[in-house]
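K.L.:
sequence? don't have it. structure:
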């Protein structure tokens, strides 16, 4: 019999907590990064072409790090999903096995009870009626 080990469930909880902490950390870094670049951007005030270039550069830097982190979290979540799916399938197999075993035990008990019933001595009133 295979049992879901608490440490495996702990791994799922730990992965979820780490993903949540990482997302919060990345969000904080993005906010700080944007604040820093915006304050630098406001101080310099170059012409419109430079503004667009600076904005595009800022967006690429911020989105690049975010995309990498999002892809990493998605990969972790996919792994957790696959593990949960396989554990669910395993539990279903275990339940089906227990149901079959239970049915076999009930059938065996019925056969044993019927066999024991044939070995019982006949009741006294049935002996008198034959003789």
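P.N.:
Now that the structure is in, tell me what you want to look at. The structure presented is a predicted model; accordingly, all values stated were derived computationally and were not measured.
K.L.:
in terms of helices and strands, where is the residue most central in space within the chain?
P.N.:
In the chain, the centroid-proximal residue (C-alpha atoms, centre = their mean) is residue 84; its distance is 3.7 Å. Using DSSP states H and E, residue 84 sits in helix 48-119.
K.L.:
from the contact counts, what lies against that helix?
P.N.:
Helices and strands touching helix 48-119, as assessed by 3 or more C-beta pairs under 8 Å, 6 or more residues apart in numbering; DSSP states H and E, comprise helix 6-44. C-beta here means a position set from N, CA and C on the backbone, and glycine is covered the same way.
K.L.:
what mean pLDDT does the helix it packs on have?
P.N.:
Mean pLDDT, helix 6-44: 69.
K.L.:
next one: stretch 65-81
P.N.:
pLDDT averaged over stretch 65-81 gives 92.
K.L.:
distance from the chain centre to that stretch, please.
P.N.:
Centre-to-centre, stretch 65-81 and its host chain are 15 Å apart (C-alpha atoms, centre = their mean, to the nearest Å).
K.L.:
what comes up buried for it?
P.N.:
For stretch 65-81, the neighbour count (16 or more other C-beta atoms under 10 Å) marks 69, 73, 80 as buried.
K.L.:
redo those as TSV? Include distance to residue 113.
P.N.:
As requested, those are exported to TSV (distance: C-beta to C-beta, whole Å):
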residue	distance to residue 113
69	65
73	59
80	49
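K.L.:
now, which of these sits nearest residue 20?
P.N.:
residue 73 (9.2 Å; C-beta to C-beta).
K.L.:
please name the nearest non-neighbouring residue to that closest one.
P.N.:
Of all residues not flanking residue 73 in the chain, residue 19 sits nearest, at 5.0 Å (C-beta to C-beta, 6 or more residues apart in numbering).
K.L.:
distance check, that neighbour against residue 69.
P.N.:
According to C-beta to C-beta, to the nearest Å, residue 19 stands 10 Å off from residue 69.
K.L.:
hey, what's in contact with both of these two?
P.N.:
Both residue 19 and residue 69 lack any common contact, where contact means C-beta atoms under 8 Å, 6 or more residues apart in numbering.
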